[in-house]
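[1] Whatever this is, show me its structure:
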Amino acid sequence: MAHHYPSLADVIATLNVEPVAEHRFVATQLNNPRHHIVGGHIAGQALMAASRTVPGRVPHSVHTYYVRAGDARHPVELHVEAIRDGGTLSTRQVTARQDGEILLETLASFTAPVDAPDYQQTLPEVPSPETLPSMQQQLAGYADEFDGHWVQPRPFDLRYIDAPPRAAVDLPEPPERTRLWWKPAGPVDGDAVLASCLLTYLTGTTMVEAALVMRRATPISTFNALIDHALWFQRPVDLSDWVLSDQVSPSGVGGRGLATATMYNRAGQLVCTATQELYFGRS
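    Next comes the predicted model:
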């Protein structure tokens, strides 16, 4: 049976966690055939919960450790602790629980506006998204596999510069990078916090591909689970336009794979840097 991806509207609706008491929220999950809570999704929910307790400031970094798996058929409780509020920076800790057991721990840091000099590494030279086929077009040759899994609609439009995992399996050598342009598959309001939560969700689902490609594997052929996940938000991202994600897996050791992503907007500005470590096992 094919796994159907959630719609963009469902992702956004569930990222907007429901307050139930001061610094306490309930997070509805997105169910799937395995009832697996998606790491990037619950991390985005934790970031949203933390953000709701820091009015007037935007997240500049978030670090999550995934402690145990949960059941996506049931909601998750999020408890936010105000660690510090300084003149410029605020820190929050978020603990996610289900049936009394901790699923994840998140630390998020928020900043007030600061006037200071900027610098960044430059945008790599890549084809523009308009010149690239959609992911569904790129994987059309595999449309008969797994009830059309590879060509299903997703909450984000993805246009790969390098071969995605299913196509990379059939190449003589795996590509060293998995670069792609992406944007939400529909309109998103300009809220900076929501954009950061959507970035968290996206990196939880695409960055693994850099490690899968190096293993000559796909998400279906190899079980994987997030161990930890960190993002730095350099500047607000405009999700009405394409974003480049330059993804690479520098190492795979002891059943773990490390993956990083560097993201740029169309103007060449660095908008996000993300890193995660994954555990690979047998499905």
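
[2] what's the offset of the longest helix seen in the chain from the middle of its chain?
    If you go by DSSP state H, the chain has its longest helix at helix 192-206. Offset of helix 192-206 from its chain centre (C-alpha atoms, centre = their mean, to the nearest Å): 5 Å.

[3] Identify each buried residue in that helix, please.
    Residues of helix 192-206 classed as buried by neighbour count (16 or more other C-beta atoms under 10 Å): 193-206. Every C-beta, even on glycine, is put in place using the N, C-alpha and C of the backbone.

[4] Looking at those residues, which is nearest residue 40?
    Closest approach to residue 40 among these (C-beta to C-beta): residue 204, at 1.5 Å.

[5] Test for you: state the pLDDT assigned to that closest one.
    Listed pLDDT for residue 204 reads 89.

[6] With residue 244 instead?
    Residue 244 is assigned 97 on the pLDDT scale.

[7] Could you check the angle the one helix or strand it maps to makes with helix 192-206?
    Taking DSSP states H and E as the criterion, residue 244 maps to strand 243-253. Counting by axes from the mean of the first three to the mean of the last three C-alpha atoms, to 10 degrees, strand 243-253 lies at 50 degrees to helix 192-206.

[8] I'd like to check the angle between the helix or strand just after strand 243-253 and strand 243-253, please.
    Proceeding N to C from strand 243-253, the next assigned helix or strand is strand 256-265, under DSSP H and E. For strand 256-265 against strand 243-253, the angle by the same axes, to 10 degrees is 160 degrees.

[9] avg pLDDT for whichever helix or strand comes after strand 256-265?
    Per DSSP H and E, strand 256-265 leads on to strand 270-281 as the next helix or strand towards the C-terminus. Mean pLDDT, computed over strand 270-281, is 93.

[10] partners of strand 270-281, with directions?
    Sheet pairing here is set by DSSP bridges, and for strand 270-281 it gives strand 223-233 (antiparallel), strand 256-265 (antiparallel).

[11] looking at these, which is buried most?
    strand 256-265 (a mean of 21; mean count of other C-beta atoms under 10 Å).

[12] And the contacts of that one?
    Contact partners of strand 256-265, identified using C-beta atoms under 8 Å, 6 or more residues apart in numbering, comprise 121, 123, 199, 203, 206-208, 210-212, 214-215, 224, 227, 237-238, 241, 243-252, 270-280.

[13] Check stretch 158-175 too.
    126-127, 129, 132-135, 138-139, 142, 145, 150, 177-182, 206, 209, 212-214, 216-219, 242.

[14] Please identify the buried residues of that stretch?
    By neighbour count on 16+ other C-beta under 10 Å, the buried set for stretch 158-175 is 158-169, 174-175.

[15] Just the ones in helices from the residues you listed, please.
    Using DSSP H, the buried residues of stretch 158-175 in helices are 165, 166, 167, 168.

[16] Now, of the contacts of stretch 158-175, which are buried?
    Buried subset of those (neighbour count, 16+ other C-beta under 10 Å): 126, 129, 132, 135, 138-139, 142, 150, 178-182, 206, 209, 212-214, 217-219, 242.

[17] picking that back up, please indicate which of the contacts of strand 256-265 are buried?
    123, 199, 203, 206-208, 210-212, 214-215, 224, 227, 237-238, 243-249, 270-278, 280.

[18] In contact with the nearest residue to residue 277 once chain neighbours are set aside, which residues?
    Closest residue to residue 277 apart from its sequence neighbours, by C-beta to C-beta, 6 or more residues apart in numbering: residue 227 at 4.6 Å. Contact partners of residue 227, counting by C-beta under 8 Å, 6+ apart, are 65, 66, 256, 276, 277, 278, 279.
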